[in-house]
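>>> Below is the structure, and that's it, no one-letter string:
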């Protein structure tokens, strides 16, 4: 991945990067629950993901998560030869989201804030 623009700006504060991340989540992210079936049981797992085609933007998201020791998974997809490759960062599970949500909730507004508080 390319060098993160956040690394170049020595004046960038942690709260600025968290506010930026909250904005990305508001615009490009999804925060919700998904149903997982395993053998004879069903459980609901909290999940957060951000999908975008801009690798530099996704590198910034990944760097902020790394700086706060939040585990995540990155996947790269291309639907067909004509489409741009998309990058997805996923955080799944109560423990990981319990680390992320308190950091970004103070900067969130709108519908995703309501979902984050549930």
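That came through, no problem. Keep in mind that this is a model prediction, so the values were computed, not measured.

>>> The lengthiest strand in the chain: partners in the sheet, and parallel or antiparallel?
Longest strand of the chain, by residue count under DSSP state E: strand 41-52. According to DSSP bridges, strand 41-52 forms sheet pairs with strand 29-38 (antiparallel), strand 86-92 (antiparallel).

>>> Point out the most buried one among those.
Ranked by mean neighbour count, the strands paired with strand 41-52 are led by strand 86-92 with a mean of 18 (mean count of other Cβ atoms under 10 Å). C-beta here means a position set from N, CA and C on the backbone, and glycine is covered the same way.

>>> picking up where we left off before, would you format the strands paired with strand 41-52 as JSON lines with distance to residue 103 included?
Listed next are the strands paired with strand 41-52 as JSON lines, based on distance: least, Cβ to Cβ, whole Å:
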{"stretch": "strand 29-38", "distance to residue 103": "13"}
{"stretch": "strand 86-92", "distance to residue 103": "12"}
